[in-house]
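A.B. asks: sequence first, predicted model second:
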Amino acid sequence: MDKSITSSGAVLSRLPLRVRFASFEPAYGLLGRLAVRHGYSTSREFASEISLGIRNFVHDVENGRCLAELALLTGIPEAVIRASTRYVDESGAMFIGGELLHARDDHKASSAAGRVCPDCLRADLDEREGSMACRPHRRVWWDLTAVTACPIHGALLIGTCRACGGRLSRELASPRYCRCGCDLSELCSVALEPSDLAADRYLVGRLGGVERSTHALLDSMPLHIAALAMIRIGRASLVGARGLSKKGDRIEPAMQARMASLGYRLSASPLDTDAYQ
Ligand SMILES: [Zn+2]
Ligand SMILES: [Zn+2]
């Protein structure tokens, strides 16, 4: 078997069991599916069992590091993994692939919660190939705090398990299940009005998940800043400028989607035709 020594000094070789590439899957999602493929329910158990020789491998992968090592293990090129993974470059700026998320590493831009779109999980089970356990996969935008809904299925992401009431986490390797065993692909999420999906459609479009729309003002901003601008413009319009400073940018998800989508339309120029559809 081919072995490679990485920059961290670890000796790694491609694992015999593989998973199929999944578009828009972040590195930690890929590691999770690899763990599932090898019969583990968490990435942590899997990583300690295969003795990589890298102390905080799971934590590093969660933060967009050790991608070369993950590429060696999975046989999926590092550049392909990086294209859908949030990482911080040498200058401290935060990216997903080539898309600038923030000029600095801002922990508020992403969340460690394990939100999912049940419709995406169902589509994975129905349409992907390979073992059923490895079909459901995460999308990188599920973990961005600015994104509240899945623009493909037009419904809010689910952050709480309906069976046990607990907040979903990424602790389990498969995105399909809650810690209580609930199958999240069987849940129904709250559908939004198409007009309230405009902001998420724009953000996910910048990441390539849906058709990209142009917006003269927002296109010039890092993704997370554009998201904050939409929320603040929408909120100022709905509740007035006094509402801006009270609770920071934390709002209930459906209201966040409405405010941000309103902000998207209000800040568009007459040339941004997508904003008026
Ligand atoms: Zn979806
Ligand atoms: Zn649960």
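C.D. replies: Structure's in. What do you need? Ligands and ions are numbered 1, 2, ... in the order given.
A.B. asks: give me the buried positions along the longest helix seen in the chain.
C.D. replies: Longest helix in the chain by number of residues (criterion: DSSP state H): helix 223-239. Within helix 223-239, the residues that count as buried by 16 or more other C-beta atoms under 10 Å are 223-236. Bear in mind the C-beta positions are built from the backbone N, C-alpha and C, glycine included.
A.B. asks: filter these down to the ones near ligand 1?
C.D. replies: When contact is defined as C-beta under 5 Å from the ion, the buried residues of helix 223-239 do not meet ligand 1 at all.
A.B. asks: let me have those in JSON lines, extended by pLDDT.
C.D. replies: JSON lines is the format used below for the buried residues of helix 223-239 (pLDDT from 0 to 100):
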{"residue": "223", "pLDDT": "98"}
{"residue": "224", "pLDDT": "97"}
{"residue": "225", "pLDDT": "97"}
{"residue": "226", "pLDDT": "98"}
{"residue": "227", "pLDDT": "97"}
{"residue": "228", "pLDDT": "96"}
{"residue": "229", "pLDDT": "97"}
{"residue": "230", "pLDDT": "97"}
{"residue": "231", "pLDDT": "94"}
{"residue": "232", "pLDDT": "92"}
{"residue": "233", "pLDDT": "94"}
{"residue": "234", "pLDDT": "94"}
{"residue": "235", "pLDDT": "91"}
{"residue": "236", "pLDDT": "91"}
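A.B. asks: before we move on, back to that, packing partners for the longest helix of the chain?
C.D. replies: Secondary-structure packing of helix 223-239 (3 or more C-beta pairs under 8 Å, 6 or more residues apart in numbering; DSSP states H and E): strand 99-102, helix 198-206, helix 253-266.
A.B. asks: tell me which of these is the most buried.
C.D. replies: Using mean count of other C-beta atoms under 10 Å, the stretch among those with the largest mean neighbour count is helix 198-206, at a mean of 25.
A.B. asks: OK, contacts around residue 112?
C.D. replies: Residues in contact with residue 112 (C-beta atoms under 8 Å, 6 or more residues apart in numbering) are 62, 143, 169-170.
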